[in-house]
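In: How does the following fold in three dimensions:
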Amino acid sequence: MKTVFLCNGSPIARHIVHELKSIVDLDLVVIESPQRRLLVSDFKKYGTLDTLSRVGDVIRRLLNKKIIEANIDKQIGSNWRDWPSETKLHETDDINAIEVGKEIAARSPDLILCWGTTMVRSATLGDISRSLNVHTGLSPYYCGSRCLEWALILGDVNNIGVTVHQLTTKIDGGAIFGQATIPVSPEDTVYDLHLRLDVQGAKILLDAVRRLARGEDISLHPQPSDEGLMLYRRQWSRHTARQLNQLMKRGDLARMCKNPSSPQKHLIAPWSAS
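Out: You can find the predicted model right below:
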């Protein structure tokens, strides 16, 4: 099964590439690094202060790099530290660049997988009918950007989860293969929860690929279109970032774990390993 993987080059993405190489014919990995392009766009759209706040998030991750990497090693091992040999890599700052679409079309893949890129347009996907995306939010209740952070701000710890769905032009709105919530404890940091979501999402995605590689059909469950929140990147500002930081510093997560703002919502396609 010829497969193309669109990703952001993160540690979990590299881990997934290692796993995919043992399951399918991984014909191409497209790595999107849009930071410079988004930085210029952010200055134009949001101004200096909000853009510097977003840059601050990156700096904080760099300062905690050793701790974050040690946690990744505990969760998935160390194969993420490099790309597997003999893997065709195409780097871009825009997943929808014309040359990316040409690279995909030239390979006529049976399956396109997506992890952590900006929104993929239909022109990039072409006429490939089978595609899966990992969304680190619980669709349809949290769709779009920073779903984990918004769930924390809302105190909704029962509905922090991940969804693997068909990749469509509707943001995180494709039919769902599998989804799961993650446990949250008072000692968790935002980084801990992000890693837990990523690991769970990788498991669900790789399970779907294994089933397809065995020739099995996978069930996809349509999402209702009238439920939940659509969260756009522009809605996140230095004010919401400060609110989340203060919430975590005060230890409000312990209070939320005891008294969540909402019970766990109905999962459209609860995932269990095959």
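
In: tell me the secondary structure for residue 134?
Out: Each residue gets one of three states, and residue 134 gets strand by DSSP: H, G, I helix; E, B strand; the rest coil.

In: ok, it touching residue 203?
Out: No - between residue 134 and residue 203 there is no contact under C-beta atoms under 8 Å: 10.2 Å. C-betas here are computed from N, CA, C, even on glycine.

In: Which of those two has more residues huddled nearby?
Out: Neighbour tally, residue 134 and residue 203, criterion other C-beta atoms under 10 Å: the higher count belongs to residue 134, 25 against 18.

In: what's that one in contact with, if anything?
Out: Taking C-beta atoms under 8 Å, 6 or more residues apart in numbering, we find residue 134 in contact with 114-116, 162-164, 201-202, 204-205.

In: wait, which of these is closest to residue 130?
Out: Ranked by distance to residue 130 (C-beta to C-beta), the contacts of residue 134 are led by residue 114 at 12.1 Å.

In: Now do the buried residues in stretch 233-244.
Out: Buried positions in stretch 233-244, judged by neighbour count with 16 or more other C-beta atoms under 10 Å: 233, 236, 238, 240-241, 244.

In: and the end-to-end length of that stretch?
Out: 16 Å (C-alpha to C-alpha, to the nearest Å).

In: ok now it, how far from the chain's centre?
Out: 19 Å (C-alpha atoms, centre = their mean, to the nearest Å).

In: Check which helix or strand residue 187 maps to.
Out: Of the helices and strands defined by DSSP states H and E, none includes residue 187.

In: since we're on it, how many residues are nearby?
Out: 10.

In: Check what pLDDT it gets.
Out: Residue 187 carries a pLDDT score of 94 in this model.

In: mind checking how far it is from residue 257?
Out: 10 Å (C-beta to C-beta, to the nearest Å).

In: Next: residue 134.
Out: Counting by C-beta to C-beta - residue 134 and residue 257 are separated by 25 Å.

In: Now, the contacts of residue 134 that are in strands?
Out: Counted as lying in strands by DSSP state E, out of those, are 114-115, 162-164.

In: Most widely separated two among those residues?
Out: 114 and 162 (13.6 Å).

In: pLDDT-wise, which helix or strand of the protein ranks last?
Out: helix 35-63 (a mean of 78; mean pLDDT, DSSP states H and E).

In: Do you have the strands of the stretch 1-150 of the chain handy? List them.
Out: With strands called from DSSP state E, counting those that start in this stretch, the stretch 1-150 of the chain shows them at 2-7, 25-32, 89-92, 111-115, 131-135, 142-144.

In: Give me the more crowded residue out of residue 114 and residue 162.
Out: residue 162 (28 against 23).

In: For that one, which non-adjacent residue is closest in space?
Out: residue 201 (4.1 Å; C-beta to C-beta, 6 or more residues apart in numbering).

In: Please report the number of neighbouring residues for that neighbour.
Out: 27.

In: Please apply the same query to residue 19.
Out: Neighbourhood size, residue 19 [other C-beta under 10 Å]: 19.

In: Correct me if wrong: it contacts residue 203.
Out: No - between residue 19 and residue 203 there is no contact under C-beta under 8 Å: 9.8 Å.

In: now the strands of the stretch 1-150 of the chain in TSV, with mean pLDDT and distance to residue 217?
Out: Shown next, in TSV, are the strands of the stretch 1-150 of the chain (pLDDT from 0 to 100; distance: least, C-beta to C-beta, whole Å):
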stretch	mean pLDDT	distance to residue 217
strand 2-7	97	17
strand 25-32	96	20
strand 89-92	96	30
strand 111-115	97	13
strand 131-135	98	14
strand 142-144	96	26
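
In: Would you mind giving those strands as a markdown table with distance to residue 71 added?
Out: Putting these into a markdown table (distance: least, C-beta to C-beta, whole Å) gives the following:
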| stretch | distance to residue 71 |
| --- | --- |
| strand 2-7 | 20 |
| strand 25-32 | 23 |
| strand 89-92 | 26 |
| strand 111-115 | 19 |
| strand 131-135 | 19 |
| strand 142-144 | 23 |
